[in-house]
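Peer 1: model the following, please.
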Amino acid sequence: MSNRLDDLDLSQSLSHNESEKRITAAQRRLLHLRLFSAGLLGPAPNAPGLLVLFEGFDAAGKGGAIRRLTSGLDPRHVRVVPIGPPTPEELKHHFLWRFAPSLPGRGSMTVYDRSWYGRLLVERVDGLIGAPDVKRSAKEIVDFEDSLVDDGVTLVKFWLQISDAEQLLRFNGRAIDPAKQWKLTAEDWHNRTLREQYVRAVKDMLEWTDHPHAHWDLVAAEDKHFARVFVLETLIKRWEHDLERRGFTLPKSHGTNYLV
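Peer 2: This is a model prediction of the structure:
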């Protein structure tokens, strides 16, 4: 049986002009939904918090997608949390402990640039935890996400996928661009040498943690214009669906491509 990752069509693309037009429209709709869920367009008691989670290979475009997602929102209404390696203090606790302070409450919004899935990816690939801990952690993540959704969180998860060749091209581009050199680290190059192990870990992650309450949306990120539009429009679809299933009557959008 083929894995969803193998079936993803990385050739999908959009022109710059079409992408910018649809991004602008999506940003307007996202602002509309954000103000609604925060209770700023009228009463929306107990609207779920929104947690948007980004994972993907290094240089897959997570930062660019997050910037397009948040640039149309008031900074007071969204929190972006970059997730790095756990600190010595955090390592003393359960691996999910460190995420509690940044989880969105009702009517709030948080965006994770990487997440607890580092447990199933970098910690697994670098041999920091063994196979039994990997399987146990996957189950705990599923249960944790289930509890978040049941408690009033809309959870949207994105995996941004690029080919090995495209990643190398982007790495080399960063290496010669003074404005982007800071993005390229020795750890990034190290991770490239382990790509096969990472691909295997990603496929297992998708198999173990893709559930109706916490679905993985796979993003064909070879073309950045396509990827950014896909992320924003998919987020709108997921967010609207979850609000409606919880009984909320959404503010109307007008026109096409989420123009409001």
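
Peer 1: okay, the strand or helix carrying residue 36 in CSV with CA atoms only?
Peer 2: Using DSSP states H and E, the element containing residue 36 is helix 16-37. Extracted in CSV, the C-alpha atoms of helix 16-37 (Å, rounded to 0.1, in the frame of the first residue of the first chain):
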residue,chain,number,x,y,z
HIS,A,16,2.9,34.7,-8.8
ASN,A,17,0.0,36.9,-9.8
GLU,A,18,-2.6,34.2,-9.2
SER,A,19,-1.0,33.3,-5.9
GLU,A,20,-0.9,36.9,-4.6
LYS,A,21,-4.6,37.5,-5.6
ARG,A,22,-5.7,34.4,-3.7
ILE,A,23,-3.5,35.0,-0.7
THR,A,24,-5.0,38.5,-0.4
ALA,A,25,-8.5,37.1,-0.5
ALA,A,26,-7.7,34.4,2.0
GLN,A,27,-6.1,36.8,4.4
ARG,A,28,-9.3,38.9,4.4
ARG,A,29,-11.4,35.8,5.2
LEU,A,30,-8.9,34.7,7.9
LEU,A,31,-9.2,38.2,9.5
HIS,A,32,-13.0,37.9,9.4
LEU,A,33,-12.9,34.5,11.1
ARG,A,34,-10.3,35.6,13.6
LEU,A,35,-12.3,38.6,14.7
PHE,A,36,-15.5,36.4,14.9
SER,A,37,-13.8,33.7,17.0
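
Peer 1: hey, what's the residue nearest the centre of the chain bridged with?
Peer 2: When CA atoms, centre = their mean is applied to the chain, the residue found nearest the centroid is residue 54 (2.0 Å). Here residue 54 sits in beta bridges with residue 113, residue 158, going by DSSP bridges.

Peer 1: hmm, back to that, pull the distance from the helix holding residue 36 to the chain's centre.
Peer 2: 17 Å (CA atoms, centre = their mean, to the nearest Å).

Peer 1: now the helices for the stretch 51-200 of the chain?
Peer 2: Applying DSSP state H, counting those that start in this stretch to the stretch 51-200 of the chain gives helices spanning 62-70, 122-125, 131-150, 164-176, 186-192, 195-209.

Peer 1: which secondary structure elements does the second one contact?
Peer 2: What it means is helix 122-125. Applying 3 or more CB pairs under 8 Å, 6 or more residues apart in numbering; DSSP states H and E, one finds that helix 122-125 contacts helix 195-209. Quick note: C-beta positions are derived from backbone N, CA and C, even for glycine.

Peer 1: any weak-confidence spans in the stretch 151-260 of the chain?
Peer 2: 254-260 (pLDDT under 70).

Peer 1: ok, the stretch 1-150 of the chain next?
Peer 2: 1-2.

Peer 1: residues contacting residue 218?
Peer 2: Each residue near residue 218 by CB atoms under 8 Å, 6 or more residues apart in numbering is listed here: 4, 5, 8, 158, 159, 161, 206.

Peer 1: from those residues, which is closest to residue 106?
Peer 2: Nearest to residue 106 out of the contacts of residue 218 is residue 158 (CB to CB; 22.6 Å).

Peer 1: in contact with that closest one, which residues are there?
Peer 2: Residue 158 touches 52, 53, 54, 55, 56, 65, 216, 217, 218, 219, 231, 234, counting by CB under 8 Å, 6+ apart.

Peer 1: one more pass at 6 Å, please.
Peer 2: 54, 217, 219, 231 (CB atoms under 6 Å, 6 or more residues apart in numbering).
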